[in-house]
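Novice: quick check, what structure comes out for this input:
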Amino acid sequence: MSKTMVNGQLVSIPEDEEKKRQDEAKKYNEERQKKRYQNDRKMAYPQIGDQLDYIFHHGVAKWKTDIVQPVKDKFPKP
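Specialist: Prediction:
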């Protein structure tokens, strides 16, 4: 049995319950990390209006290489 703080009180938790809690926390953190790149990319891209203006002046191919690919390289999918 292990001891842990719950609402400011030290309580005993059976080993299997503690293992289950640790596994759930690990799974949650892994899932969160998998999705983190999405938010990082979203914050790194310029505003949509600026991107459309870039496409208008430079074309889609240049937009992909100059705007999109650097963000994808900086924040790759796990």
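Novice: tell me, how many residues neighbour Tyr37?
Specialist: 16 (other CB atoms under 10 Å). All C-beta spots, glycine's among them, are computed from the backbone N, C-alpha and C.
Novice: pretty sure it sits against Phe75.
Specialist: Yes - contact criterion CB atoms under 8 Å: Tyr37 and Phe75 qualify, at 4.7 Å.
Novice: distance check, Lys3 against Lys26.
Specialist: 20 Å (CB to CB, to the nearest Å).
Novice: sorry, that was for Thr65
Specialist: 38 Å.
Novice: please, where are all the strands along the protein?
Specialist: For the chain, the strands defined by DSSP state E occupy 2-6, 9-13.
Novice: tell me where this structure has helices.
Specialist: 15-44, 48-58, 60-63, 69-74 (DSSP state H).
Novice: same question for the first one, mean pLDDT?
Specialist: I take that to be helix 15-44. Helix 15-44 carries an average pLDDT of 91.
Novice: do the last one as well
Specialist: Mean pLDDT, computed over helix 69-74, is 98.
Novice: run through who's touching that helix.
Specialist: Residues from elsewhere that reach helix 69-74, judged by CB atoms under 8 Å, 6 or more residues apart in numbering: Asp40, Arg41, Ala44, Tyr45.
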